[in-house]
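Enquirer: Turn this into a model:
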Amino acid sequence: MRYNLLEKRALQKNRVREFVFASGNMSGQEMAETLELAIRKMLNMCLRIDPPFVAVIMRSGEVHLRWPKR
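Expert: Predicted coordinates:
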């Protein structure tokens, strides 16, 4: 996942909390099931980390920070 400079500036300016799926090859049902597994971790991340940030949601329901690198 690479962001160009304009995208990064937009994320920063608008203080975005962005969550993306690690796999682009999931059905709607699989995405819903994955979100059910991940929702608490996503909420905790929103409480712990000030925006902006981008995090990835894994099929397992794990959530990992991608940007900014810490």
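Enquirer: Show me the strands in the chain, by range?
Expert: 17-21, 53-57, 63-67 (DSSP state E).
Enquirer: Point out the most buried one among the ones you listed.
Expert: strand 53-57 (a mean of 19; mean count of other C-beta atoms under 10 Å). Just so you know, the C-beta spots here come from the backbone N, C-alpha and C atoms, and that holds for glycine as well.
Enquirer: And that one, what does it pack against?
Expert: Judged by 3 or more C-beta pairs under 8 Å, 6 or more residues apart in numbering; DSSP states H and E, strand 53-57 is in contact with strand 17-21, helix 28-48, strand 63-67.
Enquirer: what inclination does that strand have with respect to strand 63-67?
Expert: Interaxial angle, strand 53-57 versus strand 63-67 (axes from the mean of the first three to the mean of the last three C-alpha atoms, to 10 degrees): 140 degrees.
Enquirer: what pairs with strand 53-57, and is each one parallel or antiparallel?
Expert: Strand pairing for strand 53-57, determined by DSSP bridges: strand 17-21 (parallel), strand 63-67 (antiparallel).
Enquirer: Now do the nearest residue to residue 8 once chain neighbours are set aside, the pLDDT please.
Expert: Spatially, and ignoring its direct neighbours in sequence, residue 8 is nearest to residue 67 (7.8 Å; C-beta to C-beta, 6 or more residues apart in numbering). As predicted, residue 67 sits at a pLDDT of 91.
Enquirer: returning to what we had before: redo the strands paired with strand 53-57 as a markdown table? Include distance to residue 7.
Expert: Shown next, in a markdown table, are the strands paired with strand 53-57 (distance: least, C-beta to C-beta, whole Å):
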| stretch | distance to residue 7 |
| --- | --- |
| strand 17-21 | 10 |
| strand 63-67 | 10 |
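Enquirer: for the residue most central in space within the chain, what are its contacts?
Expert: For the chain, residue 19 is the residue whose C-alpha lies nearest the centre (C-alpha atoms, centre = their mean; 2.1 Å). Contact analysis of residue 19 by C-beta atoms under 8 Å, 6 or more residues apart in numbering lists 38, 42, 54, 55, 56, 57, 63.
Enquirer: Span of stretch 4-23 from start to end?
Expert: 21 Å (C-alpha to C-alpha, to the nearest Å).
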